[in-house]
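Engineer: take a look and give me a structure for this.
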Amino acid sequence: MATVVLVGTLDTKGVEYEYVKKCIQEAGCAVILVDAGILGEPPIRPDISAGDVIKLLNKDIADIRFSEEGSDTRSVAIETMSEGLKVCLKKLINEGKCDAVFGMGGSGGTNLISSAMRSLPLGVPKLLLSTMMSGDVKPYIHGKDITMMYSVTDIAGLNRFSRLILANAAHAIAGMALNYKKALDHSAGVKKPLIAMTMFGVTTPGVLHIRDLLEDKGFETIVFHATGAGGMAMESMIREKLIDGVIDYTTTEICDYELGGVFSAGEDRLTAAGEMGIPQVVVPGALECLNFNGIDHLPNEFKTPERKLIIHNSTVCAVKASKNELIRLGEVFTQKVNAAKGLTEIALPLDGLDKYEEGPWKDQETDQALFDSIMRHSNVPVNKIKGTINTPSFAKAVADIFLRLWNQEHNK
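Structural biologist: Predicted coordinates for the structure are as follows:
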C-alpha cells in the first residue's frame, strides 16, 4: 500500500489535518502523520510527534517552544523544526515508508514545510496547500518539483468550501502516491549522458536544433526555461550530480539578477557546472534582456525614451540593457565562466543574441560592446561565430564545440 506522509503544524491545524488524513485513507493510501508544531501540544495524536522530530537533532522540544510573537524566537523555532523535518523525511524515505509528502499552512507553515520538501529527492511527489500560493512562490519552490495549490480560504476550520478544497488536495496527493512506482517505471530506460540546456522563447529555435543534434549522437537532453526558477533547478541538479554536461545557451537570468529583473536565478547562477568540473559551452543568449511582470509593473527608471521595450505578453515586458550595462554584464558573465574547473568554452552569436535582435532590438554597436567585454575578460576560449543565436549554422557550431569538449573529457 502506498504511504503519504502528512507534515504540518498540528497545534493550530489539527482538525484540518485529521480531515485530510481521512480523505487520503479513503482513497486507498496509508498515512503517517508528522507533527511540526512549535506552539504546543496538538488536539490529535500524530504518528511522529514534534518532540520526536526535534530529537533527531539531539534537541528538546521545550527549547524551541515560544510565546512572544514578533520575537526572533519564532523564526528560530521554524528553522529548527524544518531542519528536524528534513532528517525525519529522509529517514522515512530510506526506510521505504514514504511515497509522497503533503503539507498545508499559512506563511509560517508554508515556509517551514517547503524548506523540508526542498531537501527531498527529485521525483518524490510533494504537494503544498498554501494561502501564499497566489503570490510570488519562488522563495518556497527554489526550482524544486513542489506542487503548490492555493487554499482560497485560510486554513482555519472546516466548512462546505474548505472541505471541498482539502478533499481535492488529499485526492491529488493520494493519486500521486498510488502511481509513484508507475512513474518511476516510466522514467526508467537506457541510461544516456544527460545534457542540460537553457532556453527562452526568443532562443527556442537554436536550442531545439541542438537538442536534435545531440539526441542523434546518443545523448539525452533536459531543457530549463530561463525564468529564474529554471536556472535554480538546473544549478541544483548539477550539484546533485544528475547532469553530465551543459550547453548554457540562454543566460538572461544573470541580467535580471544584476539589474533587478523578475527572472533572477540568484547569485549562484552559472557556477555549478564550473564547480563540478563538467564540460560546458556558454552562450550570452538573451543576456541583453531584462524582464518585468508586464508593462504595468515596469519601474519608473526604465520608462525613458532611450529604453527599448517589448511587450512579450500580458505578464512579461522586456527591456533592453544599455551599452554600459552590457559592458558590465560581459564582465560578470566572464568572471563566472573563468572560475570553471572543467573544460569550458564561450560561443558568441555575432549577428544577434535572440529573436528580439533579429527585429526591433538589432544593434551591432551594443552587441559589440558586450562581445568586447567578454573577450577582454575571458580566460577560456571564445568562439566568434557568424549568425544569430537561432541560425541553424550557429546552433550546429555550438553542438560541435560541446561534442569536442565531451570527447576530450572522456578520452583522457
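Engineer: what count of nearby residues applies to the nearest residue to residue 235 once chain neighbours are set aside?
Structural biologist: Excluding its sequence neighbours, the residue lying closest to residue 235 (Cβ to Cβ, 6 or more residues apart in numbering) is residue 272, at 4.2 Å. Quick note: C-beta positions are derived from backbone N, CA and C, even for glycine. Residues lying near residue 272 (other Cβ atoms under 10 Å) number 21.
Engineer: residue at max distance from the center of the protein?
Structural biologist: residue 43 (35.9 Å; Cα atoms, centre = their mean).
Engineer: could you verify that that one is part of a helix?
Structural biologist: No - counting by DSSP: H, G, I helix; E, B strand; the rest coil, residue 43 is not found in a helix; it is coil.
Engineer: three-state assignment of the nearest residue to it once chain neighbours are set aside?
Structural biologist: Nearest residue to residue 43, sequence neighbours excluded (Cβ to Cβ, 6+ apart): residue 14, at 4.2 Å. What three-state DSSP gives for residue 14 is helix.
Engineer: so what's residue 14 up against?
Structural biologist: By Cβ atoms under 8 Å, 6 or more residues apart in numbering, the residues touching residue 14 are 42-44.
Engineer: need the residue closest to the centroid of the chain.
Structural biologist: residue 143 (1.2 Å).
Engineer: pretty sure that one contacts residue 230?
Structural biologist: Yes - the pair residue 143 / residue 230 is scored as a contact, 7.1 Å apart, by Cβ atoms under 8 Å.
Engineer: shared neighbours of those two, which are they?
Structural biologist: residue 265.
Engineer: show me what contacts the residue nearest to residue 235?
Structural biologist: Residue 272 touches 234-236, 238-239, counting by Cβ under 8 Å, 6+ apart.
Engineer: weed out the non-buried ones from those residues.
Structural biologist: 234-236, 238 (16 or more other Cβ atoms under 10 Å).
Engineer: now the residue nearest to the centre of the chain: how far from residue 239?
Structural biologist: Distance of residue 143 to residue 239, computed by Cβ to Cβ, to the nearest Å: 11 Å.
Engineer: and residue 128, by the same measure?
Structural biologist: Using Cβ to Cβ, residue 128 is found at 23 Å from residue 239.
Engineer: quick one: residues contacting residue 383.
Structural biologist: Here residue 383 is in contact with 345-348, 397, 401 (Cβ under 8 Å, 6+ apart).
Engineer: which parts of the stretch 51-200 of the chain are strands?
Structural biologist: 100-105, 126-130, 147-150, 194-199 (DSSP state E, counting those that start in this stretch).
Engineer: could you identify which of the ones you listed is most buried?
Structural biologist: With neighbours defined as mean count of other Cβ atoms under 10 Å, the strands of the stretch 51-200 of the chain peak in mean count at strand 100-105, which reaches a mean of 27.
Engineer: now residue 246. Its backbone dihedrals?
Structural biologist: Main-chain torsions, residue 246, degrees, to the nearest 10: phi -140, psi 140.
Engineer: what pLDDT is listed against it?
Structural biologist: Model confidence at residue 246, expressed as pLDDT, equals 98.
Engineer: tally of neighbours for it?
Structural biologist: 27.
Engineer: wait, isn't it in contact with residue 275?
Structural biologist: No - counting by Cβ under 8 Å, residue 246 stays clear of residue 275, with 11.7 Å between them.
Engineer: low-confidence ranges, the protein, go.
Structural biologist: The chain contains residues with pLDDT under 70 at 66-72.
Engineer: in it, which spans are helices?
Structural biologist: According to DSSP state H, the chain carries its helices in the segments 10-26, 50-55, 72-94, 107-117, 138-141, 160-178, 180-187, 204-216, 229-239, 252-259, 272-276, 323-338, 364-377, 392-410.
Engineer: comparing these, which comes out most buried?
Structural biologist: Scoring the helices of the chain by mean count of other Cβ under 10 Å, the most buried comes out as helix 252-259, with a mean of 24.
Engineer: need the contacts of residue 383 in a markdown table with distance to residue 30, can you?
Structural biologist: Putting those into a markdown table (distance: Cβ to Cβ, whole Å) gives the following:
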| residue | distance to residue 30 |
| --- | --- |
| 345 | 52 |
| 346 | 52 |
| 347 | 52 |
| 348 | 56 |
| 397 | 54 |
| 401 | 51 |
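Engineer: of all those residues, which comes closest to residue 209?
Structural biologist: Comparing the contacts of residue 383 against residue 209 with Cβ to Cβ places residue 397 closest, at 10.8 Å.
Engineer: specify the beta-bridge partners of the residue lying closest to the closest one once chain neighbours are set aside.
Structural biologist: Among residues not flanking residue 397 along the chain, residue 385 sits closest, at 4.9 Å (Cβ to Cβ, 6+ apart). Here residue 385 shows beta-bridge partners residue 349, assigned using DSSP bridges.
Engineer: ok, residue 385 touching residue 346?
Structural biologist: No - contact criterion Cβ under 8 Å: residue 385 and residue 346 do not qualify, at 10.4 Å.
Engineer: who has more neighbours, the two?
Structural biologist: In this view residue 385 and residue 346 are compared by other Cβ under 10 Å, and residue 346 has more residues nearby, 23 against 19.
Engineer: so how far is residue 382 from that one?
Structural biologist: Distance, residue 346 to residue 382, by Cβ to Cβ: 5 Å.
Engineer: which residues are in contact with each of the two?
Structural biologist: residue 374.
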